[in-house]
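A.B. asks: The following comprises the amino acid sequence and a computationally predicted model.
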Amino acid sequence: QVQLVQSGAEVKKPGASVTVSCKAFGFTFTAYHMHWVRQAPGQGLEWMGRINPGSGGTNYAQKFQGRVTMTRDTSITTAFMELSGLTSDDTAVYYCAREWSADPYFDYWGQGTLVTVSS
Amino acid sequence: QSVLTQSPSASGTPGQRVSISCSGSSSNIGRNYVYWYQQVPGTAPKALIFKNNQRPSGVPDRLSGSKSGTSASLAISGLRSEDEADYYCAAWDDSLSGWVFGGGTKLTVL
């Protein structure tokens, strides 16, 4: 069955970078766009960007351009999201989410990865 | 400061019908489809509605979506205790070239 399994929680210092991984199971990894969405504590959802695992092409939200990099490794069916220049405002749960093939909504989500930024 | 505006809370008693609204602009809801997600605290969101009013497989037909102009709404009839969750609307924004979400509505089943 379709599953997205994310890497574990991270604690980072301000100014550092973090990389979150999202391993895909149960579907053709290169056939579906993968998105990243984050949620700060007690807050709503915020879209960060997407990657086309087939081509490696990316689209980033304006807010994160220059600070986020999304990549993939097709040999291990895993997508990665790296966020640099961390501040306390980046403390959030980060989700990967698969885009359904027939319509651009997020049909499967990872379990989420908590990233805490603290000095 | 979400791009889409939702009321922070809604409530109803079991069996009732409740409606959750979402307001946007011409660059998002006015031109593009609306999507709805449900999130039980501590878990990942789940898709409820796509393309304004379509339900993914497995979503019961007591949930329905609609859109008019730059606003949209999600209706839940026959309210159940398991409907207690946070609900988010979403749409593609042409000006921002990205997905935007509402701030979420916390639904309480009394």
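C.D. replies: Great, that's in hand. Just so it is clear, the structure is predicted and the values come from calculations on it, not from any experiment. Numbers count the residues shown, from 1 in each chain, chains lettered A, B, ... in the order given.
A.B. asks: Quick check: residues of chain B near chain A?
C.D. replies: B:2, B:33, B:35, B:37, B:39, B:44-47, B:50-51, B:54, B:56, B:88, B:90, B:92, B:96-104 (Cβ under 8 Å from any Cβ of the partner chain). Placement of C-beta: from N, CA and C, glycine included.
A.B. asks: Narrow the residues you listed to those that are buried.
C.D. replies: By neighbour count, with 16 or more other Cβ atoms under 10 Å in any protein chain shown, the residues of chain B next to chain A hold B:2, B:33, B:35, B:37, B:39, B:44-47, B:50-51, B:88, B:90, B:92, B:98-104 as buried.
A.B. asks: Let's see which of those end up in strands.
C.D. replies: B:35, B:37, B:39, B:46-47, B:88, B:90, B:92, B:98-101 (DSSP state E).
A.B. asks: Name the nearest of these relative to A:Leu114.
C.D. replies: Nearest to A:Leu114, judged by Cβ to Cβ, of these is B:Gln39 at 15.3 Å.
A.B. asks: Whatever helix or strand A:Trp36 lives in versus strand B:34-39: what angle between them?
C.D. replies: Secondary structure assignment for A:Trp36, by DSSP states H and E: strand A:34-39. Orientation note: strand A:34-39 sits at an angle of 60 degrees relative to strand B:34-39 (axes from the mean of the first three to the mean of the last three Cα atoms, to 10 degrees).
A.B. asks: Identify the residue nearest the geometric centre of chain A.
C.D. replies: A:Trp36 (3.4 Å; Cα atoms, centre = their mean).
A.B. asks: Show the contacting residues for that one.
C.D. replies: By Cβ atoms under 8 Å, 6 or more residues apart in numbering or on different chains, the contact list for A:Trp36 reads A:20, A:47-50, A:68, A:70, A:81, A:94-97.
A.B. asks: and if we set it to 7 Å?
C.D. replies: A:48-49, A:70, A:81, A:94, A:96 (Cβ atoms under 7 Å, 6 or more residues apart in numbering or on different chains).
A.B. asks: ok, B:Ile67 - how many residues close by?
C.D. replies: Heads up, residue B:67 is Lys, not Ile. If you count neighbours by other Cβ atoms under 10 Å in any protein chain shown, B:Lys67 ends up with 21.
A.B. asks: Please name the nearest non-neighbouring residue to it.
C.D. replies: Leaving aside its sequence neighbours, B:Lys67 sits nearest to B:Asn52 (Cβ to Cβ, 6 or more residues apart in numbering or on different chains; 4.4 Å).
A.B. asks: isn't that neighbour right next to B:Gly65, touching?
C.D. replies: Yes: between B:Asn52 and B:Gly65 there is a contact under Cβ atoms under 7 Å: 5.6 Å.
A.B. asks: So for those two, which residues contact both of them?
C.D. replies: Common neighbours of B:Asn52 and B:Gly65, using Cβ under 7 Å, 6+ apart, are B:34, B:72.
A.B. asks: Model confidence at A:Ser101, what's the number?
C.D. replies: pLDDT, A:Ser101: 80.
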